[in-house]
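Sequence below, structure please.
(chains A and B)
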Amino acid sequence: MGATIGIISCFAALAFGLFFFAYAAKYYASILIALATLGRGKREEGEASGEGEDRGDAPLVSIHLPFYNEANVARRIITACLNQDYPNIEILVADDSRDDTVRIIKERGWRSKPPIVKFLHRRDRSGFKGGALTEALRYMDPRAEFVAVFDADFIPPRETISRLINHFRESDQRSLRTDFPELQPRTGAGKPVAAVQGYQLHYLNKSENWVTRAVRAEFSGSYMVERVAAEWYGALKMVSGSVFMLRADVLRKLKWGTSITEDWELTLRLYMEGYRVAYTPLIQAPAEIPTTIRALAKQRMRWAEGHTFAVRRHFRGVLTSTKLTLAEKLEFVYFAPYYLQGLMLMAGTLCWLLAEVNHTCPWFWSPAFGWALLLSNLLAAPLMCLAGLWLEGDLRSDYQGVFGLVALTYILAPYQGYAALRGLLESEEGTWIRTMKTGSVTDRFLRMRLRSLLSWLSLGGRLGRLVPGAPRLPRLPIPARGIFGAVCLLLLVLPLAAAFAVI
Amino acid sequence: MAKYYTLCGGALYVYTTRGEPLLDLGVIPSGMGLFDPDVSWRLCPWLAVTEDAPADGLRLAEIILRAEGYGRLELEGEALEDYFLRGDDGFLAARVAAEAEEAVPIHQWTLDGRPSARTRPAPRRQSRRSRVPKPAPLPRASDS
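Numbers count the residues shown, from 1 in each chain, chains lettered A, B, ... in the order given. All right, here's what the predicted structure looks like:
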């Protein structure tokens, strides 16, 4: 009996372990790409600045702010949008509130001077955030050419809109570039950019407790490493709910859905229509982090359920679409069971322990292979977050968050797994459970802390070596970069080497 | 005058020409079903609109708006919706000018105090959508 359990556990551990290793390998590859492409440079300073642009040729940007009981943060976000240095904006607050927010938006001060602020109050929450954004789309100025969206707990710095517009222009220029047409089908570089996603810098209350530190580290890994790499190899990238700008004509055509993850659902429809999403870590807006496990679990359960539901709904459409590149389809396949990976890691670890206890394993299995797979899988996400923090220059202050992240992964895994399975099986999506915002700020955000870091382009890193006269990316003579790279390679190769050793 | 309101199919539009500050919504008491949390309404620097307002609330709102110096103007909802979207008040100036032209100049009135047949303004047809009950008279002190 024990032997049977051992064998079954062993095969299950191997299956789960290999499943998770697919993610781990991608994390390691992403770290190597991010380390190679993000460097110190000088071109970012002038390139992304929108200063000096006069209203005459500045396209109208409509900023949409979906609100639901945001009394703690409403003033902060509206003021931040009013202070944008871009000369031609309107602000639309799509409000579903029932609390003191209503009184705040009625205040006369918002209407006393430009830019224009429009408030749209709804009597119900039909369609949740997507419904509110649909209302904003309906009542925005018809002359608007771009739509920017921020959640209420964000504080976009003054230059955010200018930088988003500039990134659109650069992306357009790259899309039109025909120097290397053979690269375009693979990277999707020739596809029109429908949206530019910036970095959701979860930072404002990062020192509040261990949960906020962990989430800070997690987002650093995702936005400084994973998405940077995805941009580099032309994968499908998500519009992530906040800190992004869309072409208004595309949005008018596709419209918002009413999914509980309306951003992911729109992303899939954008790609199926032949558009792509560009990402840049240069455009950052700091945001608040959920402070309790309970709040975080609720948020992640919504993400997991909505994400999986949308995957199920559009799976065939995405895979059979002729408008997505191979890299985009592979990323979609990789991303489809994303919220199950925590559960897989837990299950895999448990099965492996059972197999070890029973001392039974098939011929191809060795303890060294098991340990190598476990180690490689366990360290992938933490290492990615450490690399992200290091690239941001925050490793020393925020590294403790990585330990919290490991704990958080195990704590949240069952919740996310359950919600993902629900999204996979249910006929209708569940309801939107809001994430409470407190307005708490424990850490001041230094505007564009990456100014000294970057000469990063979505494809510039690669084309830089090919295009005559293009600036070459400087390499930093810092050992940390080499250390990160070496550890990555070691952990990536370790299970493979152990497997070959057995064979 | 550059401050107006329009009643149109159960919706109340309160608006000004651009540059003229719109009234503080705080002057309209909550609980009237006009700019409350459980009602759909919109607001921008030059126009506020509340939809499906109750008749009682509209009557009281008219009284308040008149007291605040707002005059009633008959306009199509579409024009006002476009005004909300674009903020172009050109149509409003044209309409106000047209209203002024329709009014009879003083020197054309006859000695018996009636306008001459030639200059008498034609009775304006009120659109079905903008037909709303007249506001109730203000309560007098003796009524209570």
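
residues in chain B within reach of chain A, list them.
When proximity is defined as C-beta under 8 Å from any C-beta of the partner chain, chain B approaches chain A at B:21-22, B:24-26, B:35-45, B:84-87. In short, each C-beta sits where N, CA and C put it, glycine included.

Filter the residues you listed down to the buried ones.
The neighbour count (16 or more other C-beta atoms under 10 Å in any protein chain shown) marks B:22, B:25, B:35-37, B:39-45, B:84-85, B:87 as buried among those.

Strands - which of the residues of chain B next to chain A land there?
In this view, these that belong to strands under DSSP state E are B:41-44.

Kindly reformat those as JSON lines and extend each row with pLDDT.
JSON lines is the format used below for those (pLDDT from 0 to 100):
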{"residue": "B:Trp41", "pLDDT": "95"}
{"residue": "B:Arg42", "pLDDT": "96"}
{"residue": "B:Leu43", "pLDDT": "94"}
{"residue": "B:Cys44", "pLDDT": "94"}
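
Using CSV, please lay out those residues together with distance to A:Thr134.
Output for those, formatted as CSV (distance: C-beta to C-beta, whole Å):
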residue, distance to A:Thr134
B:Trp41, 17
B:Arg42, 14
B:Leu43, 18
B:Cys44, 18
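
between those, which is nearest A:Pro66?
Within those, proximity to A:Pro66 (C-beta to C-beta) peaks at B:Arg42, which comes in at 15.0 Å.

What residues are bridge-paired with that closest one?
B:Arg42 forms beta bridges with A:Leu120, B:Val49, as assigned by DSSP bridges.

On the three-state scheme, residue 65 is what?
By default, I'm working from chain A. Of the three states, A:Leu65 takes strand under DSSP: H, G, I helix; E, B strand; the rest coil.

In chain A, what residue spans correspond to strands?
Using DSSP E, the strands of chain A run over A:61-67, A:89-95, A:116-121, A:146-149, A:193-202, A:244-247, A:276-287.

Now do the SS call for B:Gly19.
Secondary structure assignment for B:Gly19 (three-state DSSP): coil.

Could you check how far it is from B:Pro45?
Separation of B:Gly19 from B:Pro45 (C-beta to C-beta, to the nearest Å) stands at 9 Å.

what do you get for A:Phe19?
A:Phe19 sits 55 Å away from B:Pro45, taking C-beta to C-beta as the criterion.

same question, B:Pro37
With C-beta to C-beta as the criterion, B:Pro37 and B:Pro45 are 22 Å apart.

ok, now which ones touch A:Leu373?
A:14, A:17-18, A:21, A:495, A:498 (C-beta atoms under 8 Å, 6 or more residues apart in numbering or on different chains).

what do you get for A:Arg138?
By C-beta under 8 Å, 6+ apart, A:Arg138 has no neighbours at all.

can you check the one 5 residues further on too?
When contacts are counted by C-beta under 8 Å, 6+ apart, A:Arg143 touches A:60, B:86.

Local confidence estimate at it?
Looking at A:Arg143, its pLDDT is 95.

and what of A:Leu65?
On the pLDDT scale, A:Leu65 gets 97.
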